[in-house]
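In: structure, please.
(4 chains)
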Protein chains: 4
Amino acid sequence: MAQARSSGKRGKLRVAVLGATGYTGVELLRLLTRHPRIRITVVSSQQFVGKRVGDVYPSLAERCDLLLEPIEIAKIVPRIDFAFAALPHETSIDIVAALIERGKRVVDLSADFRLHDPDIYAKWYRSHNAPHLLREAVYGLPEIHYRQIAKARLVANPGCYPTAAVLGLAPLFAERLVRGLALIDAKSGTTGAGRSSSVEMSFSEVNENFKAYNVGVHRHAPEIEQELGEVSRAPISVLFVPHLVPMNRGILSTMYVELEKSLGDDELSALYRNFYDRASFVRVLSPGFFPQTKDVRGSNECLIGFRWHASLDRLIVITAIDNLVKGAAGQAVQNMNLMYGWPEIEGLRGAALIP
Amino acid sequence: MAQARSSGKRGKLRVAVLGATGYTGVELLRLLTRHPRIRITVVSSQQFVGKRVGDVYPSLAERCDLLLEPIEIAKIVPRIDFAFAALPHETSIDIVAALIERGKRVVDLSADFRLHDPDIYAKWYRSHNAPHLLREAVYGLPEIHYRQIAKARLVANPGCYPTAAVLGLAPLFAERLVRGLALIDAKSGTTGAGRSSSVEMSFSEVNENFKAYNVGVHRHAPEIEQELGEVSRAPISVLFVPHLVPMNRGILSTMYVELEKSLGDDELSALYRNFYDRASFVRVLSPGFFPQTKDVRGSNECLIGFRWHASLDRLIVITAIDNLVKGAAGQAVQNMNLMYGWPEIEGLRGAALIP
Amino acid sequence: MAQARSSGKRGKLRVAVLGATGYTGVELLRLLTRHPRIRITVVSSQQFVGKRVGDVYPSLAERCDLLLEPIEIAKIVPRIDFAFAALPHETSIDIVAALIERGKRVVDLSADFRLHDPDIYAKWYRSHNAPHLLREAVYGLPEIHYRQIAKARLVANPGCYPTAAVLGLAPLFAERLVRGLALIDAKSGTTGAGRSSSVEMSFSEVNENFKAYNVGVHRHAPEIEQELGEVSRAPISVLFVPHLVPMNRGILSTMYVELEKSLGDDELSALYRNFYDRASFVRVLSPGFFPQTKDVRGSNECLIGFRWHASLDRLIVITAIDNLVKGAAGQAVQNMNLMYGWPEIEGLRGAALIP
Amino acid sequence: MAQARSSGKRGKLRVAVLGATGYTGVELLRLLTRHPRIRITVVSSQQFVGKRVGDVYPSLAERCDLLLEPIEIAKIVPRIDFAFAALPHETSIDIVAALIERGKRVVDLSADFRLHDPDIYAKWYRSHNAPHLLREAVYGLPEIHYRQIAKARLVANPGCYPTAAVLGLAPLFAERLVRGLALIDAKSGTTGAGRSSSVEMSFSEVNENFKAYNVGVHRHAPEIEQELGEVSRAPISVLFVPHLVPMNRGILSTMYVELEKSLGDDELSALYRNFYDRASFVRVLSPGFFPQTKDVRGSNECLIGFRWHASLDRLIVITAIDNLVKGAAGQAVQNMNLMYGWPEIEGLRGAALIP
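Out: You can find the predicted model right below:
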């Protein structure tokens, strides 16, 4: 009802994409221009104010020809029902707070509302301006928090690494099966760093190279610990080591855990399949089969493979997602769908681009 | 009417994808699983007979779970109204001929029916088994032959290089503006070579390398000459030099021509825009702006840019397509749409995957 | 003395490169054509018999213009003092045995003589033809076995993954500091698979993709366990998971271990630096600094970085090598240098190619 | 004599590398650390002042451990005999002028002294501060200007594109065989743009993409025209269109020319081979064979292939170089060798890194 009242003349939800020219923003536009229930009415950009979307991204010309505008809350509010905020960390807070205050629902794709505890946020980012929203915001991992998402005003869209890690380990933690430390050796394509102008992310530096970075000290670790801890109903720890792969899209997360008890392949399969019984976008592969990032390039799916090494007493779980889709824009659209009671897959039907 | 009669119980056209596990085949499946007017009823494969599509390409699991079967005409014919043949050159002829004989309409994606002249076919491939079909087949470049395509039984889907070259030069040849030889310096991603197991196409050989191949002696040259000659209503010659780019998808074709008379940017713009007035998938950029292959990755568009060098008396035209979409599977779907009187863009609405 | 007597007229060691046109072979030629103490007198190839090296690899034309010949022991033996065997696994055994029998010294780059235990070889490969050589062969990791290498007739050049893993963990195992299972999450470029014509290794499949393979069941695991077990003077186990990176050269090995006692950064630094005190090609970085594969592209170095996570009680060790140099051809030259009492770095002075 | 007198205590030429941390600078260091006749005594950097070379590029640690210093002429002059200036265009002029004034010989790798005509320089860059040096500087293409280079105080090292283009076309222009406009369709790896922090050169933008840029308006065109005009002893014009390849190193230049008279393959071969008779680094392939960029990756060679298309009356010439070696640092070392009467290949013996 709320959305029905606030919708525009054509009966479609009026949506803003704030930060429309970053990689997450343009991916939102790619997905949203095929979403049958919404209408994009506002697109913002800092760098390209006054240009049309199609001038910056020719692939979107004729699909979305809005003018890119700066973010002026008073001008935006009357023209939208809902906003995606795809803005840099730490600059998102005030804008999101202003929109929520004016009655808009928001999916925020930055890290600004993902951590519930202001102290942990302060430790990894800086002091938080709007701690009340930190408490209110729902962590937007639909496979776990779909009920709260449906009612939320503010959804904090998960980080790309946490999405891949939490989906791979949550079924185990939910059953309190994990003994000791979970090791997460993650590998990501370059778009995870956003539309970057640093030497480190230049082609000449990244191509024909492979490296680890932020070894054991990455901001996504507390996010993973928060979510797996919640699922587990107890504090938990992970060791998280991200690596940079010379490719644009994709995260492969290789995870190593010891189990409290020995489980056969069938039991593990049943455990995972039950946990994701109603999940539209999670697919559990047969034991011993593992996903590749190309299986999900451009799609909103998360594929999960696992192998139990009885002789070594270790379970290996590998997940693959597209960091820009399930790890960002696609998951944001999925969250919007849940918030408005629409089919979860609306706007997210596209298969992966192979090869 | 024809299609209404032949359609299956759900009123959708029953479609076969022959050669479904090659790159063109799997791209057809990606596009067709979102096409609202058809139903895939047969998928064939040589290598993967007996497996399901989703076993070979996890990205298609749950989207198309048909069993891959060998091509047995008698078994296939009763279950289809229409076929895409994405088979290797020289093996396609007999299968396509058999389907046509049994009243099915076909879009053939091989080179087997593209050349009208059996002697030219014989020179570049081998002696042709079904020369009557060579004469009947319509060259499936919708921007030029849409009327004939609409009525055709057999459409020969163009090669990827010819699509990029002909779309870039046809407006000039149609006005007989080209003086002397047209030079076509083309660059393609690796999927143009198909799902290949040669050392030459292995990652270690192609990555961090750039080369020309088949310099001036590529099989696509006669196809380009046939089409531009037809448009020009006179025999014409091109010099065609292809190069291999270390990327998966995309063709960029840089073309150099002398003009019979000097034309300003405005006249050239008008010429191109008029020629492609009704074309859904061709976009002419402003003078001096040039496309990149990423602008069309995964989409069915062809972007055209040009610059007239007055002092050097040369026109440079650059086109960009995705070789697997507008250069193969997408164009094949576009041809099917025209054959059945459907909107040309049905099943082809997706924007490019950026980045 | 032995080498002085057997050397050719120019006083240089006469060297054969068997399997000269595979990636390891051509890398041997690149290095050996700059080695001042040897002369290449025989190059063999299966695929390119009768061609000159420079016809197959233009980069070597004018540097090595020998004719590629088939391997005929009787014809080769009189013309060489020493052989590098860069042949496929399982075909190397008989050829190496024949050369050893005729008094030649050999560095074998296949897996055929790396495992001391014929049963373990049989489990991972097949039954071994020459078990006496399996016992005689010295595992050619110079940083550990330099004394035995100096006297060896037959040196089994280590695998690329084992080189990266063992160099990273040996100092810890030598002190029996590792508690429980060592986890080795390794990432390799594509040349590790050799000059391959499989679809799986084609550019279109590997590019813009990342995957794990042979998860926990790779043939290099027993090799790693053998060497670390020897260093440790006790049987040990590792869990080894390799991944394929879309790049040509380089291995990055990320390793996770628990320690028997807590060690500070200074102690760990001292431990590693002492262990590699006399190693020409191993460089230990300052605590918290980690290598990238590009730091060693084309060079024979192994860089080691580590970080102790006190709160999580885990040590992370990361090593980087070029799989074709320190992981294959470079290490083989290093072994030859030791076998003849030459400076270890002869022929291996080149710095990495950046970028 | 000059060099003997000015050399340091160890009898080696004392060399400065100004701009040592850009890609050209680090490539100079890679080559020079293996050059037996020189000693690097000064390395400068703007960004990394106070660090050691090995801190910035671990691959050079232990090979060159000098401190990076700012450029202060008075401090540098007493410690050097010779300088490589690998500085940004337009900032090089004053520094080079100061060094020349103080009696040092210089190879300048910027564009600042390549164009003889101050007006042309002003048109493409800005007004030139030191036009007298513009007239004095020798264009450092050794295959053409070796005599002048030997005596020069100041050598202007050619651009990467001009090197590839001029070496491919000079034999034809020297014989005045070219009719009309020469078309140069060039393709370069990303390091040609230097160590860049622009979004345009970021991995996510360049990878899986191909584009033309500065179409027909690139600064290297006047340089090519100057050199080919000189060789031809008459003003000439070229149409130059560069493209960006998703790879780090390499230029492939595809060139199209009409000839004044028809020449057979043998005549063309003889023409090219005679012209490059004494050239150490140019290799002319057999007619119909074409080079790939990987053939020269890391080496100072230029490979030339050609095919005469009699029926179309066009000659296709394709050249391949490594833009950082023959297109920059390697050619600079070659120039230094000529300036001091040393063997041309000193320090440049390395074969290409394959693959």
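In: every contact and neighbour count from this point should use C-alpha atoms.
Out: Fine.
In: can you give me the helices in the stretch 151-300 of chain A?
Out: Counting by DSSP state H, counting those that start in this stretch, the segments of the stretch 151-300 of chain A that form helices are A:160-174, A:203-206, A:220-232, A:265-275.
In: want to throw these into CSV with mean neighbour count and mean pLDDT?
Out: Formatted as CSV, those follow (neighbours: other C-alpha atoms under 10 Å in any protein chain shown; pLDDT from 0 to 100):
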stretch, mean neighbour count, mean pLDDT
helix A:160-174, 24, 98
helix A:203-206, 27, 98
helix A:220-232, 21, 97
helix A:265-275, 16, 97
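In: turn those helices into CSV, columns for distance to chain B.
Out: CSV is the format used below for these (distance: least, C-alpha to the nearest C-alpha, whole Å):
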stretch, distance to chain B
helix A:160-174, 16
helix A:203-206, 11
helix A:220-232, 23
helix A:265-275, 15
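In: for these, which one sits closest to chain D?
Out: Of all those, it is helix A:203-206 that lies closest to chain D, at 3.7 Å by C-alpha to the nearest C-alpha.
In: just checking, what packs against the closest one?
Out: helix D:203-206 (3 or more C-alpha pairs under 8 Å, 6 or more residues apart in numbering or on different chains; DSSP states H and E).
In: now the closest residue to A:P343 other than its chain neighbours: phi and psi?
Out: Nearest residue to A:P343, sequence neighbours excluded (C-alpha to C-alpha, 6 or more residues apart in numbering or on different chains): A:N337, at 6.3 Å. Note on A:N337: its backbone torsions stand at phi -60, psi -40 [degrees, to the nearest 10].
In: contacts only, for A:L68.
Out: Counting by C-alpha atoms under 8 Å, 6 or more residues apart in numbering or on different chains, A:L68 touches A:42-45, A:48-53.
In: from the residues you listed, which ones fall inside strands?
Out: Of the contacts of A:L68, the ones assigned to strands by DSSP state E are A:42-44.
In: returning to what we had before: of the contacts of A:L68, closest to D:I73?
Out: A:F48 (42.8 Å; C-alpha to C-alpha).
In: wait, isn't A:S253 in contact with A:T319?
Out: Yes: proximity of A:S253 to A:T319 meets the contact threshold set by C-alpha atoms under 8 Å, at 5.3 Å.
In: spit out the residues that contact the two alike.
Out: A:164-165.
In: can you name the residues that contact the residue of the stretch 151-300 of chain A found nearest chain B?
Out: Taking C-alpha to the nearest C-alpha, chain B has its nearest neighbour within the stretch 151-300 of chain A at A:D295, 5.1 Å off. When contacts are counted by C-alpha under 8 Å, 6+ apart, A:D295 touches A:320, A:352, A:354, B:57-59.
In: same thing but 7 Å
Out: Neighbour list for A:D295: A:352, B:58-59 [criterion: C-alpha atoms under 7 Å, 6 or more residues apart in numbering or on different chains].
In: by neighbours, which of these wins?
Out: Taking other C-alpha atoms under 10 Å in any protein chain shown as the neighbour criterion, B:S59 ranks highest of the contacts of A:D295 with 25 neighbours.
In: for chain D, see how far away that one is.
Out: B:S59 sits 20 Å away from chain D, going by C-alpha to the nearest C-alpha, to the nearest Å.
In: so how far is chain A from that residue?
Out: The separation that B:S59 has from chain A, given C-alpha to the nearest C-alpha, amounts to 5 Å.
In: tell me how far that residue lies from B:L303.
Out: For B:S59, the distance to B:L303 (C-alpha to C-alpha, to the nearest Å) stands at 28 Å.
In: got the phi and psi for the residue of chain A most remote from its centre?
Out: Most distant from the centre of chain A: A:S311, at 35.6 Å, with distances by C-alpha atoms, centre = their mean. Phi and psi for A:S311, reported as degrees, to the nearest 10, are phi -70, psi -30.
In: residues contacting A:Y256?
Out: With C-alpha under 7 Å, 6+ apart, A:Y256 has these contacts: A:182-184, A:314-317.
In: what about 6 Å?
Out: Residues near A:Y256 by C-alpha atoms under 6 Å, 6 or more residues apart in numbering or on different chains: A:183, A:315-316.
In: surely A:V43 and A:V17 touch.
Out: Yes: between A:V43 and A:V17 there is a contact under C-alpha atoms under 6 Å: 4.9 Å.
In: which positions in the stretch 51-200 of chain A make contact with chain B?
Out: A:S59 (C-alpha under 6 Å from any C-alpha of the partner chain).
In: 10 Å - rerun?
Out: A:57-63, A:191, A:195 (C-alpha under 10 Å from any C-alpha of the partner chain).
In: before we move on, what about the stretch 251-355 of chain A?
Out: Close to chain B, as judged by C-alpha under 10 Å from any C-alpha, the stretch 251-355 of chain A has residues A:283, A:285, A:291-292, A:294-299, A:301, A:303, A:324, A:349-355.
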